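Peer 1: 3D model of this:
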Amino acid sequence: MDRVKATIARLLVLALTIGLITGGANGEALAKKPKLSVKKVTVVKGKKKKVTVKNAKKYKISWKIKNKKTATCKKSGRYGVTVKAKKVGKTTLICTCKRGKKTKKLKCPVIVKKKESKKIESTPTKSPTPSTSASAAPSSSATAPATATPTAPASATPVPASKVQSIKEAYAGDIANIGTCLRYNQTWGSDGKQMQDKALMELVDHHFNSVTLENEMKPEAVLGSQQATLITKAEAEKLGYYLDGYSEEQVPKLNLDNVFGAMEAAKANGLRMRAHTLMWHQQTPSWFFHEGYDESKPLVDKDTMNARLEFFVRTMVSQVCAKEKAMGCEVGDVVYCWDVVNEYIHRSNAPSGSSWVSVYGDMGLKPTYVKDAFRYAYDELKKVNAQDKVTLFFNDYDTYFNVDDEIAVLNFINEDEKICGGMGMQSHVDIKRPTIEQYKAALEAFLKTGLEVQITELDITINFDTDDSNGRNPSYGYRSEGETDADQAAYTAEFMKMVVEANRNRDKAVSPKGITGITMWGVYDTISWRSQCKPLFFTRSRVKNPETNRYEYVITPKPSFYSFIEAVK
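Peer 2: Residues are numbered from 1 along each chain as shown. Have a look, this model is predicted:
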């Protein structure tokens, strides 16, 4: 009997031990061993490739290359390394992971190849007039001729961006909406009247068919940042504002002059618009959440906030719909989609003052007020029978690191009725972050939801500080790392090829619309909010015009532009 009891006791101890190892957060962390993002690295001489180590949060990481004459490595971020190829040959990349007294070494073969010499036909300075067949999507069975990474035509005079192949024509048949962000009448910063600049709009019209206002359609721009301009309910009703259930005596007046001006400019230039954005925890005035629309007073209660949310969302959508009709258009001809909610997953990211969370609290992955915003916008579209023509998007950044949370909120919004029709991936990426594999996994996961997917704010930085040095947040500033336009072009080629293939190879029964848009977040580098890191595909430079002998600004394509074009072929 004693022997039986002893055996049972030993079994219980063993079961408990196994449970502690395999169960709970610590057990899960232990079960996932560190591993490299790739099994081998193949890189052309003179080029670079990024490698990261996964499941290594609790480890101290170090890297080395066995033969430094063949390749070198430089740490890039907390979990990454950049391998630079120096000499044709083979070597080994070694990642050492230390945790206490435990050390684990991960090895990865590195193969440095000689750059292939391939004949490149000269690029014409003028784009040929596309034939019907040229603008159609390439057949998946067609065999494309082997070409080297495209480069700018050799010329003493830079080729203007308006004289090279059109991006929208290159992507016609694959991705319908190719866009950029612009400013119509922005009073702060430089180049605030881009949509009123005839020369710039000719370039925009050549390459794009979609436009997003960078700031002028955000709540702060429409409501006023410093204080509210209050009108009576009677005045608001005359303006067509939605006030059902609104009990307060005064109403904030909406300034839609720049929005309407941008809509008119878009129509005049053959462009459509992404409306950005109705709800955001940033760039929404703090006073909007306080009694009497006065920041010095207490926060309003949830019922009052619900009425304000409904007033704002319904009024914005209905006013834009009415403007389209006044312009002689059908609803959806100009504004074809809305970013209803922006960056909800990052709702705690440094709001300027009071925000939606201040009133509603943190509602996690089931935010009722977010669902309400979509419902109000959807209802207004239904009133004009445009719910199937205009898509409502949930837009966020770093979506490739938060896939499960993004999808959980999408499912919550659509649990009763499909009112959210699209997922917007902002895609402010860097050549080191995220990896192509990380982005691809997220993109494919969003396509499997059956929603439209749009890359809404694309830029690709170099020399951008992604080092997670404090263990929490990267600094996200400029840091000289010796990265070049050629590095940006190489990443762009790989990135865009992945995007195009993911769209072409998707399950069309599950995702009938697929990727419906790509929007570059700016036209040329110096206008970008991350200008130091040269994130865009055009640059603006001061050159001498040989005909007038005067200096003038010319917008020209970068190597990354040619990579972008080549990726779809």
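Peer 1: what sits against residue 450?
Peer 2: 510, 511, 512 (Cβ atoms under 8 Å, 6 or more residues apart in numbering). No exception for glycine: its C-beta is placed from N, CA and C like everyone else's.
Peer 1: I'd assumed residue 52 was in a helix, is it?
Peer 2: No. According to DSSP: H, G, I helix; E, B strand; the rest coil, residue 52 belongs to no helix; its state is strand.
Peer 1: Now render the contacts of residue 450 as TSV, adding distance to residue 436.
Peer 2: Converted to TSV, those look like this (distance: Cβ to Cβ, whole Å):
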residue	distance to residue 436
510	23
511	20
512	26
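Peer 1: could you flag which of those are buried?
Peer 2: Buried members of those, counted by 16 or more other Cβ atoms under 10 Å: residue 511.
Peer 1: how many neighbours does residue 99 have?
Peer 2: A count of nearby residues for residue 99, using other Cβ atoms under 10 Å, gives 14.
Peer 1: Mind listing the residues bridging to it?
Peer 2: When assigned by DSSP bridges, residue 99 has beta-bridge partners residue 102.
Peer 1: dump the residue contacts of it.
Peer 2: 58, 59, 60.
Peer 1: Would you mind listing which of the residues you listed are buried?
Peer 2: Looks like these have residue 59 buried, using 16+ other Cβ under 10 Å.
Peer 1: Looking at the contacts of residue 99, which are in strands?
Peer 2: residue 60 (DSSP state E).
Peer 1: circling back to that earlier point, using JSON lines, lay out the contacts of residue 450 together with pLDDT, secondary structure and distance to residue 181.
Peer 2: What follows is the contacts of residue 450, written out as JSON lines (pLDDT from 0 to 100; DSSP: H, G, I helix; E, B strand; the rest coil; distance: Cβ to Cβ, whole Å):
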{"residue": "510", "pLDDT": "98", "secondary structure": "coil", "distance to residue 181": "30"}
{"residue": "511", "pLDDT": "98", "secondary structure": "coil", "distance to residue 181": "26"}
{"residue": "512", "pLDDT": "98", "secondary structure": "coil", "distance to residue 181": "28"}
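Peer 1: so where do the helices sit in the stretch 1-150 of the chain?
Peer 2: With DSSP state H, counting those that start in this stretch, the ranges of helices along the stretch 1-150 of the chain come out as 2-22, 24-31, 132-135.
Peer 1: what is the mean pLDDT for the first one?
Peer 2: Looking back up the chat, that one is helix 2-22. On average, the pLDDT along helix 2-22 is 46.
Peer 1: With the shortest one instead?
Peer 2: Predicted confidence along helix 132-135 averages 28 (mean pLDDT).
Peer 1: going forward, begin numbering at 53 instead of 1
Peer 2: In the new count, where the first residue is 53, that last one comes out as helix 184-187.
Peer 1: Next secondary structure after it?
Peer 2: helix 219-222 (DSSP states H and E).
Peer 1: which secondary structure elements does that following helix contact?
Peer 2: Where contact means 3 or more Cβ pairs under 8 Å, 6 or more residues apart in numbering; DSSP states H and E, helix 219-222 is packed against helix 611-619.
Peer 1: what comes up buried for the helix it packs on?
Peer 2: Neighbour-count burial for helix 611-619 [16+ other Cβ under 10 Å]: 611, 612, 613, 614, 615, 616, 617, 618, 619.
Peer 1: now swap in stretch 358-375 and tell me
Peer 2: Those would be 358-373, 375, for stretch 358-375 by 16+ other Cβ under 10 Å.
Peer 1: Likewise for stretch 148-157?
Peer 2: Quick answer for stretch 148-157 (16+ other Cβ under 10 Å): 148, 149.
Peer 1: So for it, mean pLDDT?
Peer 2: Stretch 148-157 comes out at a mean pLDDT of 83.
Peer 1: That stretch spans what distance, first to last residue?
Peer 2: End-to-end span of stretch 148-157 (Cα to Cα, to the nearest Å): 5 Å.
Peer 1: And for stretch 598-616?
Peer 2: End to end - Cα to Cα - stretch 598-616 spans 30 Å.
Peer 1: Check the burial of residue 87 by counting its neighbours.
Peer 2: 15.
Peer 1: Name the residues that touch the host helix or strand of residue 496?
Peer 2: Per DSSP H and E: residue 496 is located in helix 488-499. For helix 488-499, the external contacting residues (Cβ under 8 Å, 6+ apart) are 89, 451-453, 455, 458-459, 475, 477, 479, 481, 505, 546-547, 550-551, 554-555, 558-559, 562-563, 566-567.
Peer 1: again with stretch 405-413
Peer 2: 331, 333-334, 336, 338, 340-342, 347, 351-354, 357, 399-400, 403, 419-421.
Peer 1: Please pick the buried ones from those residues.
Peer 2: Buried, going by 16+ other Cβ under 10 Å: 331, 333-334, 336, 338, 340-342, 347, 352, 357, 399, 403, 419, 421, out of those.
Peer 1: Closest one of those to residue 306?
Peer 2: Nearest to residue 306 among the buried ones among the contacts of stretch 405-413, counting by Cβ to Cβ, is residue 340 at 11.7 Å.
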